[in-house]
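Colleague: I'll drop the sequence and a predicted model, then ask my questions.
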Amino acid sequence: MQFARINDVTIHYQIIGGPADKPVLVFANSLGTDFRIWRDVIVRLAGDFAIVLYDKRGHGLSDVGQMPYSIEDHSTDLAGLLDFLSVKNAIICGLSVGGLIAQSLYQRRPDLVQALILCDTAHKIGTAESWNARIAKVEADGIESIVDSIMERWFTPAFRRPENIAFAGYCNMLIRQPVAGYAATCAALRDADLTEAAAKIAVPTICIVGDQDGSTPPELVLSTAKLIPNARYEVIKDAGHIPCVEQPEALTEVIRAFVDVVLHGEQA
Ligand SMILES: O=C(O)CC1=CCC(=O)O1
């Protein structure tokens with residue numbers, strides 16, 4: 001296991017493959033998850049890339065740290081981690097709040113970002129009312145009290161079968177996040193609006209969404225893609241909000257094709 005002290009927070013991260021001569025792919029995960037959600041994607045990419053995974057503050061094995069949080073706090077952590085690792089000019093793949101962190105990282109530290117893979121995310125996610133209601137619920141009754149409604153957003157009915165052991169595992173992952181870190185990240189989501197910043201993105205960008213995403217549905221992700229100059233847009237079939245878990249093969253193909261164009265240009 002690898003840990004770094006970044007902005008007074010212990011951050012859990014992992015590097016797979018040396019950053020020496022390979023393009024660097026950085027993965028930022030979503031609310032209520034840790035970096036294990038990327039496993040089935042990275043096993044398909046490892047070898048061709050240096051891969052950086054990390055648990056954002058308040059999640060996984062990283063510290064909760066000082067509250068409140070903003071999206072800028074999260075992106076400052078990611079910038080600090082990449083500086084610590086001497087990574088520059090990476091391809092940043094962010095899922096949901098991880099996609100907001102990726103956009104914010106580009107806004108604040110464009111030297112760190114070669115391209116953006118924005119997965120099931122948007123320039124703005126949810127409303128103040130919906131985030132405040134969620135914060136109040138988890139602070140009063142724990143994350144268990146929202147697990148069923150969140151799973152309906154994360155996964156399709158086909159994945160949510162009771163006999164699917166992976167479904168049970170991802171329920172555990174959500175429930176085991178610290179309430180304080182979860183609620184603070186909900187507040188950061190509530191306060192984040194990257195609409196103006198999206199129009200200024202000037203690196204290759206792809207927006208990807210599961211066709212049954214219940215949190216950032218295809219129409220929302222498409223509206224973000226339309227804000228970002230020259231952004232591509234792809235839909236993953238038979239996936240909810242977390243295609244890296246539900247459709248890792250299809251998602252990896254889209255990522256690989258996009259990264260090929262970023263690194264080598266359009267094929268004739
Ligand atoms: O929990 C959800 O509703 C899904 C989600 C929204 C932002 C994020 O990171 O995950």
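Modeller: Yep, that arrived. Residues are numbered from 1 along each chain as shown.

Colleague: and Ile208, what is it in contact with?
Modeller: Applying CB atoms under 8 Å, 6 or more residues apart in numbering to Ile208 gives the contacts 117-120, 221, 233-236, 243, 251, 254-255. For every residue, glycine as well, the C-beta is placed using N, CA and C.

Colleague: mind checking the SS state of Ile11?
Modeller: strand (DSSP: H, G, I helix; E, B strand; the rest coil).

Colleague: mind listing what it touches?
Modeller: Contacts of Ile11 (CB under 8 Å, 6+ apart): 3-5, 54-57, 62-63, 77, 80-81.

Colleague: Check which residues of the one helix or strand Ala166 maps to are buried.
Modeller: Remark: Ala166 resides in helix 165-175, with elements defined by DSSP states H and E. For helix 165-175, a neighbour-count test (16 or more other CB atoms under 10 Å) marks 167, 170-171, 173-175 as buried.

Colleague: shouldn't Ser70 be in contact with Arg190?
Modeller: No. Ser70 lies out of contact with Arg190 (CB atoms under 8 Å); the separation is 10.2 Å.

Colleague: Tell me which of those two has more neighbours.
Modeller: Neighbours per residue (other CB atoms under 10 Å) separate Ser70 from Arg190, with Arg190 holding more: 19 against 14.

Colleague: Distance-wise, check that one relative to Lys237.
Modeller: From Arg190 across to Lys237, the span is 31 Å (CB to CB, to the nearest Å).

Colleague: Likewise for Gln177?
Modeller: Counting by CB to CB, the gap from Gln177 to Lys237 is 29 Å.

Colleague: Please apply the same query to Gly265.
Modeller: For Gly265, the distance to Lys237 - CB to CB - is 28 Å.

Colleague: likewise Tyr182?
Modeller: Taking CB to CB, one finds Tyr182 at 30 Å from Lys237.

Colleague: again with Gly80
Modeller: In terms of CB to CB, Gly80 sits 37 Å off from Lys237.

Colleague: Show me which of those two is the more surrounded one.
Modeller: Gly80 (18 against 11).

Colleague: Tell me if I am right that the more buried one is in a helix.
Modeller: Yes. Assignment of Gly80 by three-state DSSP places it within a helix.

Colleague: Contact partners for it?
Modeller: 6-7, 11.

Colleague: Kindly report the same for Arg5.
Modeller: Counted by CB under 8 Å, 6+ apart, Arg5 has contacts Ile11.

Colleague: tell me which residues form a beta bridge with it?
Modeller: Thr10 (DSSP bridges).

Colleague: That one and the ligand, how far apart?
Modeller: Remark: distance between Arg5 and the ligand (CB to the nearest ligand atom, to the nearest Å) = 25 Å.

Colleague: buried set for the longest helix belonging to the chain?
Modeller: Longest helix of the chain, by residue count under DSSP state H: helix 248-264. Buried residues in helix 248-264, counted by 16+ other CB under 10 Å: 248, 250-252, 254-255, 258-259, 262.

Colleague: what's it packed up against?
Modeller: helix 39-45, strand 90-95, strand 113-119, strand 205-210, strand 232-236, helix 243-246 (3 or more CB pairs under 8 Å, 6 or more residues apart in numbering; DSSP states H and E).

Colleague: Looking at the ones you listed, which is nearest to Ser104?
Modeller: Ser104 sits nearest to strand 90-95 of all the helices and strands packed on helix 248-264, at 9.5 Å, using CB to CB.

Colleague: Next one: the closest one, is it in contact with the ligand?
Modeller: No. Under the criterion of CB under 6 Å from any ligand atom, the ligand is not reached by strand 90-95; the shortest gap measures 6.9 Å.

Colleague: If I take the helix or strand just after that strand and strand 205-210, what angle do their directions form?
Modeller: Counting by DSSP H and E, the next helix or strand C-terminal to strand 90-95 is helix 97-108. Angle, helix 97-108 to strand 205-210, by axes from the mean of the first three to the mean of the last three CA atoms, to 10 degrees: 170 degrees.

Colleague: Let me see the mean pLDDT of helix 97-108.
Modeller: Confidence over helix 97-108 (mean pLDDT, whole number) is 98.

Colleague: That helix near the ligand at all?
Modeller: Yes. Helix 97-108 lies within reach of the ligand by CB under 6 Å from any ligand atom, at Val97.
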